[in-house]
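J.: Kindly return the folded structure for what I paste below:
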Amino acid sequence: MLQNYFKIAWRSLVRNRAFSAINIIGLAIGLASCMLISLYVLDELSFDRYNEKAGQIVRVILKGTMQGGKLNEAHVMPPTAQALKADYPEVLSATRLRHGGSPKVVLGEKQYSGDNLAFADSNFFQVFTLPLLKGDAKTALMEPNSLVITQKLADKYFGNSDPIGRVINFKGENTAYKVTGVIEKVPENSHFHFDIFASMAGYPDSRSSSWMTSEYFTYLVLPKGYDYKKLEAKLPQTVEKYMAPQLKVAMGVTMDEFRKSGNNLGLYLQPLTDIHLHSDFGYDLGNNGDIKYVYIFGAVAIIMLVIACINFMNLSTAGASKRAREVGVRKVMGSERKELVYQFLLESILLTSIAMILAVIFGYLALPLFNSLSGKNLTLQFTAIPSLLPSLVLFGLVVGILAGSYPAFFLSSFKPILVLKGRMVRERKSISLRSGLVVVQFFISITLIVGTTVVYQQLRFIQNKKLGYSKDQVLVIDTWSLGETNKEMFKEELLRDPRVSHVSSSSYIPAGPSYNNNYMVYPDDKNTQLVKTLRYDVDASYIPTLGMEMAAGRNFSKEFGNDSSGVIINETAAAMLGFKKDAIDRTITNTNNEGGKGTYRVIGVVKDFHFKSLHEKITPLVMILGKDAGNFLVKVKTKEMKNLLANMEDKYKAYKSEQPFSFSFLDERYNNTYQAEQKTGSILGIFAGLTIFVASLGLFGLATFTAQQRTKEIGVRKVLGASIGSIVTLLSGEFIKLVLVALVLAIPVAWYIMTQWLQDFEYRISIEWWVFAISGLFAIAIALLTVSYQSIKTALINPVTSIRME
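T.: Next up is the predicted model:
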């Protein structure tokens, strides 16, 4: 019996080649899209779950408000871990990480750069699942100046030699570090990525008792099944116990007075598995994702699959009349309804199986492009993912049953007497269903078109937004490896080039990765009016190099000998400090130990400029004179960059630097800040196109079927004098009406979804009416092109031939 089912299914597939091809291709595209996006979503959701204690680990974070500005930091104070472990028995273990930058490694006469360093507590490898290939996880970081490195670095530094016990140095330090352990690597789906872990015991600041600075990423291990919210509710006690007394000493105010002034600080907990997708911190250990985009791409995957399944159902029910007599004959010959259901379900599964094979092929071909767009390194290797093959088989089986269930029950329900007489009593209902499904397809397609258009509009807005500084024609040159004297000489050489207008030395760059230092300041003697600011260490050339404008006062200048005690603040800082039009010569005092605690005189107010993403509001900023910067910002006035860069590299090499000449463009750094949005726009654009294509395939199949069903009617109309134009309008008009209904339904939904997406930007566009008009016209044009070919072809048939066909 099963063999007979397969024979009939195959014959039906071959007999209806066109419909089968449309079904298979549409379903294959939908399945391939769903498969690729599912790989992306699963990878995003897998972050940090490799840890055996992933469900028990939480990170301590700092939140609060300072003079109306939000404080949101992923790192906390040095003694936090020790205090929480001592005060709360539910804290089974506590460990810390501190970013150590990328220091140059010195090994004999050789030097290596580009490897990321972190300082970690001795129990770090007992909290995080990073098995040591060599060494003991319990003792590897126990002693000061001990190191654990990755296997890749062990091969790089020591070749085939045993790395344990070997000594390395960091350039600029006199301390010798001993390798005590080797790990394979930090997994890609981790929220931190370091190549070297150094013992925290050798870092002096790690033993600080200060609750007024925060540079330590702190993790706690809680009991299995414990609700971390219970511990979080107790953390205000910790703030009162440890932070309040130091606040009193540093600022002379109590915590109550501090809060009454509109300020607040608190410790909170964040589950380890939430870090990658639910973090919104100004500075973190890595580039985190965003749960919004997981939802968006997950929805797109489901949408693609739904549209492909709708096509299948539409075309299967549309072709019902061709199978009606077959069903009637088989029922008269004794076939039961369940046998017919099995037959049609088997046909559906056969089509789905072929589509799944094609989907895997499409997936393999599209994977490099998808990885490029998503920034991932996903794979479809069955050996690398053992569960992939059974998952695909099960997935195809489920889709085949779901997509084929309605056609199977629909076709098997025909009454043999009626269908053998040529009467299809349920045809009107099936037409209504098919019309509804076409509306759903184009509703989804139009929504995606609107979404893609809005994303690209916002990206264009970002590109053209006035930032308060000039990002064009500005080079960022890495000068870390040059000595102070060589830097000055290199700077003078650059300025002598007529193609260079300004050169500034600063590590603080308003676009892309940059140094960030926080200042806690208060105006004049009002020590309760605390304001959290960002601190930029700059030179006198910084403001003119970037084309910034002064709102009041002056820039730093060598003509004034006391500028080392002067500061320039932005307009937002002036407003939050209470300086309205009289900021010049007012004083501010910082409470931080870093950067030199003291009082500064305001010498100028720079107009607000965007030194953070447009997702965030402009926050208070303080500029002070700084030295020993690691970058040159070079403003050039030529478009012949190739020759200029070659000349710059030659001048740089003359100083025999150990680091190769490295540069970037400021406008590219700015654009890279919005990679997530650019990727979203590209992916949405591609899948919106695929959605339209799959929907059009279905529409083409339906138009073909409709034309075939109405061939005799069209012949009669032509005999009675109907023109070709009126017939084309008749056949196409029905489908265009469905697209118009889809447009009306899609407009409010698309507006709501994209309005919510734009809320994530502090600076954003407003959605104009023409976005919906263009999207609707585009969908109508696609639908018209899809059905017009078949409509015109049918309208041109000789009416004599049309009437004879039936």
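J.: any residues touching stretch 679-693, and which ones?
T.: 29, 33, 37, 293, 296-297, 300, 303-304, 307, 373-375, 444-445, 448-449, 451-452, 455-456, 459, 779, 782 (Cβ atoms under 8 Å, 6 or more residues apart in numbering). The C-beta positions use only the backbone N, C-alpha and C, and glycine is treated the same way.
J.: which residue is nearest the centroid of this protein?
T.: Nearest to the geometric centre of the chain sits residue 676, at 4.2 Å (Cα atoms, centre = their mean).
J.: Mind listing what's buried along the helix or strand harbouring that one?
T.: Under the criterion of DSSP states H and E, residue 676 resides in helix 675-709. In terms of neighbour count (16 or more other Cβ atoms under 10 Å), helix 675-709 has its buried residues at 676-688, 690-707.
J.: okay, and for the stretch 501-650 of the chain, where does confidence drop off?
T.: Residues of the stretch 501-650 of the chain meeting the criterion pLDDT under 70: 512-519, 525-528, 591-597, 627-629.
J.: Would you map the helices across it?
T.: Here the stretch 501-650 of the chain has its helices, by DSSP state H, counting those that start in this stretch, at 542-545, 571-576, 641-653.
J.: try the stretch 101-250 of the chain
T.: 124-127, 151-158, 228-232, 235-238, 244-251.
J.: doesn't residue 498 fall inside a helix?
T.: No - counting by DSSP: H, G, I helix; E, B strand; the rest coil, residue 498 falls outside a helix, being coil.
J.: which stretches of the stretch 151-300 of the chain have low pLDDT?
T.: Using pLDDT under 70, the stretch 151-300 of the chain drops low at 172, 251, 282.
J.: Dump the helices of the stretch 501-650 of the chain to a markdown table, plus distance to residue 158 and mean neighbour count.
T.: Shown next, in a markdown table, are these (distance: least, Cβ to Cβ, whole Å; neighbours: other Cβ atoms under 10 Å):
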| stretch | distance to residue 158 | mean neighbour count |
| --- | --- | --- |
| helix 542-545 | 43 | 22 |
| helix 571-576 | 50 | 22 |
| helix 641-653 | 30 | 15 |
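J.: Include distance to residue 486 when you put those helices into a markdown table, please.
T.: Below are those laid out as a markdown table (distance: least, Cβ to Cβ, whole Å):
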| stretch | distance to residue 486 |
| --- | --- |
| helix 542-545 | 20 |
| helix 571-576 | 35 |
| helix 641-653 | 9 |
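J.: closest one to residue 487 among those helices?
T.: helix 641-653 (10.8 Å; Cβ to Cβ).
J.: Contacts made by the closest one with the rest, please.
T.: Residues contacting helix 641-653 (Cβ under 8 Å, 6+ apart): 475, 477, 482, 490, 493-494, 497, 499, 634, 636, 638, 661, 663.
J.: thinking again about what came up before, what's the distance between the helix holding residue 676 and the middle of its chain?
T.: 24 Å (Cα atoms, centre = their mean, to the nearest Å).
J.: And the next helix or strand past it?
T.: Using DSSP H and E, the first helix or strand after helix 675-709 is helix 711-719.
J.: Please consider this matter closed, and thank you.
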